[in-house]
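> Quick one: sequence plus predicted model below, questions after.
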Amino acid sequence: MDVFSPPHTRQRRKDARPAELTAAALELFVEKGFAGTRLDDVAARAGVSKGTLYLYFDSKEALFKAVIQEGIVPILEEGSGVVEAFKGSAGELLRLMVDEWWPRIGDTHLGGLPKLMISEARNFPDLANYYNEAVIVRGKDLIRSILKRGIASGEFRPVDVDTAIDVILAPLLMQVIWRYSLGACCGARHDARMYLHTHLDLVLRGLANALPPGKRKPPE
């Protein structure tokens with residue numbers, strides 16, 4: 001079910017220079033970390049002067065926030081629209097969201113940001129708080145709405161929603177953290193698609209309401 005828009009391919013154009021800078025910054029943040037990335041490096045990777053970079057971004061912190069706003073926030077906004085318009089089951093919707101997460105975030109440089117934030121959050125608490133509000137809270141809200149829909153319809157059994165969200169997201173985070181840490185030297189532990197498929201199969205079986213419709217209790 002293709003309800004998401006296809007990812008856009010970046011093209012180098014004069015009027016797309018800010019996007020080129022954020023793309024270069026994302027690559028370097030993932031490769032070197034936030035502290036280890038210099039604005040000179042970003043400008044060089046993007047093929048512009050440092051002065052040109054400062055025309056668009058006055059600090060490395062502003063550049064990092066632009067990476068989030070350009071790279072992840074639009075995906076979350078699109079996902080919110082998909083959740084609101086989706087007519088199928090909650091299980092189908094949860095599988096769709098995870099299936100789309102991998103090619104759009106997990107299998108791109110954006111997938112390196114969780115490991116970056118884990119390693120540098122204490123040194124840059126303001127950026128960590130920004131990432132939490134812009135990405136983590138909004139991502140959890142999407143999963144929360146799906147779980148509540150499934151519980152309300154009787155498709156899912158009643159569970160503690162906030163705990164279930166963390167249980168669902170933790171293996172996804174482990175997949176990208178491994179990829180950008182031990183995976184760089186130890187290789188992939190498994191096929192990513194098979195990993196996600198197995199994870200969702202276990203999650204949905206665990207959430208499934210085994211009681212017949214007439215005996216299901218409404219959520220408290």
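In hand now; what should we look at? Residues are numbered from 1 along each chain as shown.
> Any idea how many residues pack against Phe64?
Neighbourhood size, Phe64 [other Cβ atoms under 10 Å]: 23. Quick note: C-beta positions are derived from backbone N, CA and C, even for glycine.
> meant to ask about Leu142
19.
> Would you agree it is in contact with Gly79?
Yes - at 5.4 Å, Leu142 and Gly79 qualify as touching, with contact defined as Cβ atoms under 8 Å.
> Quick check: neighbours shared by these two?
Met97 (Cβ atoms under 8 Å, 6 or more residues apart in numbering).
> and Ala25, what does it touch?
By Cβ under 8 Å, 6+ apart, the residues touching Ala25 are 37, 42, 63-64, 66-67.
> Quick check: longest helix in this structure by residues?
For the chain, the helix with the greatest residue count under DSSP state H is helix 161-179.
> Give me the next element, helix or strand, following that one.
Where DSSP states H and E defines the elements, the next helix or strand beyond helix 161-179 is helix 183-186.
> Val82 is in contact with Leu96, isn't it?
Yes - the pair Val82 / Leu96 is scored as a contact, 7.4 Å apart, by Cβ under 8 Å.
> now the contacts of Ala25 in a markdown table, with distance to Ala210, secondary structure and pLDDT?
Shown next, in a markdown table, are those (distance: Cβ to Cβ, whole Å; DSSP: H, G, I helix; E, B strand; the rest coil; pLDDT from 0 to 100):
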| residue | distance to Ala210 | secondary structure | pLDDT |
| --- | --- | --- | --- |
| Thr37 | 51 | coil | 96 |
| Val42 | 53 | helix | 96 |
| Leu63 | 50 | helix | 96 |
| Phe64 | 46 | helix | 97 |
| Ala66 | 47 | helix | 96 |
| Val67 | 44 | helix | 97 |
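> Dump those residues to a markdown table, plus distance to Ile168.
Output for the contacts of Ala25, formatted as a markdown table (distance: Cβ to Cβ, whole Å):
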| residue | distance to Ile168 |
| --- | --- |
| Thr37 | 31 |
| Val42 | 34 |
| Leu63 | 31 |
| Phe64 | 27 |
| Ala66 | 29 |
| Val67 | 25 |
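> Which members of those residues define the maximum pairwise distance?
Thr37 and Ala66 (13.6 Å; Cβ to Cβ).
> next one: the longest helix of the chain to chain centre, how far?
Put simply, helix 161-179 sits 11 Å off its chain's centre (Cα atoms, centre = their mean, to the nearest Å).
> What's the mean pLDDT across that helix?
Averaging pLDDT along helix 161-179 yields 94.
> what sits up against that helix?
Contacts of helix 161-179 (Cβ under 8 Å, 6+ apart): 94, 98, 101, 106, 111-112, 114-115, 118, 139-140, 143-144, 147-148, 151, 188-189, 192, 195-196, 199, 203, 207.
> ok, Glu155 - how many residues close by?
Number of residues near Glu155 (other Cβ under 10 Å) recorded here: 17.
> And the one 10 residues further on, by the same measure?
For Ile165, the tally of surrounding residues (other Cβ under 10 Å) stands at 19.
> And Met194, by the same measure?
The burial count for Met194: 9, using other Cβ under 10 Å.
> Quick check: it vs Phe29, distance?
Applying Cβ to Cβ, to the nearest Å, the value for Met194 to Phe29 is 29 Å.
> before we move on, back to that, which one of Thr37 and Ala66 has more residues nearby?
Using other Cβ under 10 Å, the more surrounded residue of Thr37 and Ala66 is Thr37, with 23 against 18.
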